[in-house]
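**Student:** Okay, sequence plus prediction incoming.
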Amino acid sequence: MRASNDDQADVAKVLAGDTAAFEGIVRRWQGPLVNLAYRFCGDRGRAEEMAQEAFLRAYRALDRWRKDASFSTWLFALATNLYRTELRRIPARTVPLDEAAEPRDSRAVDGGVEQESMEKAIRGAVLALPPKYREALTLFYFHDMDVTAAARSLRLPEGTVKARLFRGREILRGKLAVLWPKLG
C-alpha cells in the first residue's frame, strides 16, 4: 500500500513539474522491471536496456495513467507490451531444447548443481516457447502475477490467458519429460 501511495505522490509531483520525483519511481520499480525483462529475453544487459526504455516511455506517458488500476499495474502493462514488441523486432537468442546440455547425474552429491541445472533447463524451455505462451507463463510464474493482472498486462481476456497457461504448461511438460521422465 505504501508503494502505491508513494507512486501516486511521485506521479503528481512529476506532472506538476518536479521531474526529479521520477527517481523515486525508478528506485521502487527498477529491479522488478529488469527482472521481468530478463524473464522475457534471458540476457541481463538487454533486460536492463529494455527496462530503461520502459521507464522512458512511462515518463513520457505519465499523464495517460488513468488511475483505474494501480500505478504498478499500468507500469507493468506498458513494460510488458514494450518487451513483447522488442522481442518480435529482435528475438531472444535461444537454444533448442534438444541441443541443451544434459543435466548432471542426480545421484551425485553436487551441492545444488542439479537443482541449478534443472532451473536453467526450465528457463531455457520457457524461452523456447512460442511468444504467446512464454509471455503468459513468465508473468504468472516468474513474476507472480495472478491471471487477472497478467490478462491486464497482456491486454487479453482472462480466459485467453488461462488457455495459454494451460497450453504452455502442456508444451513444457512434454519437452521437459525428455530430460526428466518423472516430470511427465
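**Tutor:** Received it, and whenever you're ready, just let me know what you need. Numbers count the residues shown, from 1 in each chain.
**Student:** Excluding chain neighbours, what is closest to R167?
**Tutor:** Take R167 and drop its neighbours on the chain: the residue closest to it by Cβ to Cβ, 6 or more residues apart in numbering is Y133, 6.0 Å away. For every residue, glycine as well, the C-beta is placed using N, CA and C.
**Student:** any idea which residue sits dead centre in the chain?
**Tutor:** L36 (3.2 Å; Cα atoms, centre = their mean).
**Student:** does that residue really touch F76, like I thought?
**Tutor:** Yes: using Cβ atoms under 8 Å, L36 makes contact with F76 at a distance of 6.9 Å.
**Student:** ok now do the residue nearest to R167, which residues does it touch?
**Tutor:** Contacts for Y133 (Cβ atoms under 8 Å, 6 or more residues apart in numbering) come out as 164, 167-168, 171.
**Student:** hmm, try it at 6 Å
**Tutor:** By Cβ atoms under 6 Å, 6 or more residues apart in numbering, Y133 lies in contact with 164, 167-168.
**Student:** same deal with L154?
**Tutor:** By Cβ under 6 Å, 6+ apart, L154 has no neighbours at all.
**Student:** Worst mean pLDDT across the helices and strands of this structure, which element?
**Tutor:** Among the helical and strand segments of the chain, the one scoring lowest on mean pLDDT, DSSP states H and E is helix 113-128, with a mean of 76.
**Student:** Using PDB, write out the CA atom coordinates for the next helix or strand after that one.
**Tutor:** Counting by DSSP states H and E, the next helix or strand C-terminal to helix 113-128 is helix 131-137. Output of helix 131-137 as PDB, limited to C-alpha atoms (Å, rounded to 0.1, in the frame of the first residue of the first chain):
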ATOM      1  CA  PRO A 131       5.800 -15.900 -27.500                       C
ATOM      2  CA  LYS A 132       2.100 -16.100 -26.600                       C
ATOM      3  CA  TYR A 133       2.700 -19.000 -24.200                       C
ATOM      4  CA  ARG A 134       6.100 -17.600 -22.900                       C
ATOM      5  CA  GLU A 135       4.600 -14.300 -22.100                       C
ATOM      6  CA  ALA A 136       1.700 -15.700 -20.100                       C
ATOM      7  CA  LEU A 137       3.900 -18.200 -18.200                       C
END
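**Student:** May I see the buried residues of stretch 147-159?
**Tutor:** By neighbour count on 16 or more other Cβ atoms under 10 Å, the buried set for stretch 147-159 is 149-154, 156.
**Student:** could those be laid out in CSV, adding secondary structure?
**Tutor:** What follows is the buried residues of stretch 147-159, written out as CSV (DSSP: H, G, I helix; E, B strand; the rest coil):
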residue, secondary structure
A149, helix
A150, helix
A151, helix
R152, helix
S153, helix
L154, helix
L156, coil
